[in-house]
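Enquirer: just coords:
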């Protein structure tokens, strides 16, 4: 099976890693983080394929698709390598405990995947998310308010994303609105990461990062 690339899969993998670290007798201080990441990735790939497609794609918006319990999870289809790996490393004594371990991981995953989005004001940073200077900040609606009706009608993004913001200094905020129209921002540049992929924003970022706040020129 190829390694999935969805955010849900990586949330599942992280839930696996946290459960491994919580196992009795595991000395987390002596564990190499790269080894843990590799092992969690291996277990995630081996077990992800038995997760129903509706749960592989679950989000806060589709949380009603989550089952009340996980008793119908097709554990009989679980890769033997998953159970054998946990047993051979001494993490669980037998197959039944490996099943229970995965059951707890799935509970963690569904809870995380169905978590409501943050109150965006609580995401405030100390540094501008583009130039990384610690200066007074403004908040930029990553999906401009004037486009919200169209965004929902066209189903570009779920409603929970509409009020997502980036914390930008005034010069960077202005620069963002100068490089793209509001509809383009809403549809194609709705995260800071996507904005930073633009060559013009990258050039601006290098320039802005060197500017001292409050210094007048000319």
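Expert: That came in fine, so what should we check first? Just so it is clear, the model here is predicted, and its values are computed rather than measured. Residues are numbered from 1 along each chain as shown.

Enquirer: who does the lowest-mean-pLDDT helix or strand in the chain touch, helix- and strand-wise?
Expert: Here the helix or strand of the chain ranked lowest by mean pLDDT, DSSP states H and E is helix 33-48, holding a mean of 88. Contacts defined by 3 or more C-beta pairs under 8 Å, 6 or more residues apart in numbering; DSSP states H and E place helix 33-48 against helix 7-21, helix 80-88. All C-beta spots, glycine's among them, are computed from the backbone N, C-alpha and C.

Enquirer: which secondary structure elements does the next helix or strand after the shortest one contact?
Expert: Okay, so that is helix 80-88. Moving toward the C-terminus from helix 80-88, the next helix or strand (DSSP states H and E) is helix 95-113. The criterion is 3+ C-beta pairs under 8 Å, 6+ apart, and the helices and strands that helix 95-113 contacts are helix 7-21, helix 80-88.

Enquirer: And the following helix or strand past helix 95-113, what's buried?
Expert: Per DSSP H and E, the first helix or strand lying C-terminal to helix 95-113 is strand 138-141. By neighbour count on 16 or more other C-beta atoms under 10 Å, the buried set for strand 138-141 is 139-141.

Enquirer: and if you look at stretch 145-161?
Expert: 147-148, 151, 156-157, 161.

Enquirer: cool, stretch 182-191 as well?
Expert: In stretch 182-191, counting by 16+ other C-beta under 10 Å, buried: 185-187, 189-190.

Enquirer: Please flag which of the residues you listed sit within helices.
Expert: Mapping those onto helices (DSSP state H) picks out 185-187.

Enquirer: one step back: for residue 180, which of the helices and strands packed on helix 95-113 is the nearest?
Expert: helix 7-21 (24.1 Å; C-beta to C-beta).

Enquirer: That closest one to helix 95-113, inter-axis angle?
Expert: 130 degrees (axes from the mean of the first three to the mean of the last three C-alpha atoms, to 10 degrees).
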